[in-house]
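*Asks:* sequence and computational prediction follow.
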Amino acid sequence: MKMHEEIAKKAYELFEKSGGVHGRDRENWLEAEKTVLGRMKTGKKAAGAKKASAAVPRKKSPARSTKRA
């Protein structure tokens, strides 16, 4: 999805979440832009997006003795 479309979608979500209050389009847009750009910087995907790679199980570390010498 193009960045502009993603920001627009998020801004509309914010509009709906606020009860559909009109006159806050600029605030909603700026908040959406901040959220989308922040996700891009951290590498996080949009909510509901699937990960490309499957989870890899970790190897168990050997048990350590709790006794002291």
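*Replies:* Nice, I can see it. The structure displayed is predicted, hence computed values, not measured ones. Residues are numbered from 1 along each chain as shown.
*Asks:* report the contact partners of the closest residue to M3 other than its chain neighbours.
*Replies:* Leaving aside its chain neighbours, M3 sits nearest to V36 (6.6 Å; criterion: CB to CB, 6 or more residues apart in numbering). Any C-beta I mention is one placed from the backbone N, CA and C, and that applies to glycine too. Contact analysis of V36 by CB atoms under 8 Å, 6 or more residues apart in numbering lists 3, 6-7, 10, 46.
*Asks:* next one: F15
*Replies:* 21, 24-25, 28.
*Asks:* against A8, how distant is it?
*Replies:* Going from F15 to A8 by CB to CB, to the nearest Å gives 10 Å.
*Asks:* ok, G20 next?
*Replies:* On the measure of CB to CB, G20 and A8 end up 16 Å apart.
*Asks:* buried only: go through the contacts of V36 for me.
*Replies:* Neighbour counting over the contacts of V36 (16 or more other CB atoms under 10 Å) leaves 6-7, 10 as the buried ones.
*Asks:* looking at those, which are in helices?
*Replies:* Per DSSP state H, helices hold the following members of the buried ones among the contacts of V36: 6-7, 10.
*Asks:* shaky segments in the chain?
*Replies:* In the predicted model of the chain, residues 1, 44-69 satisfy pLDDT under 70.
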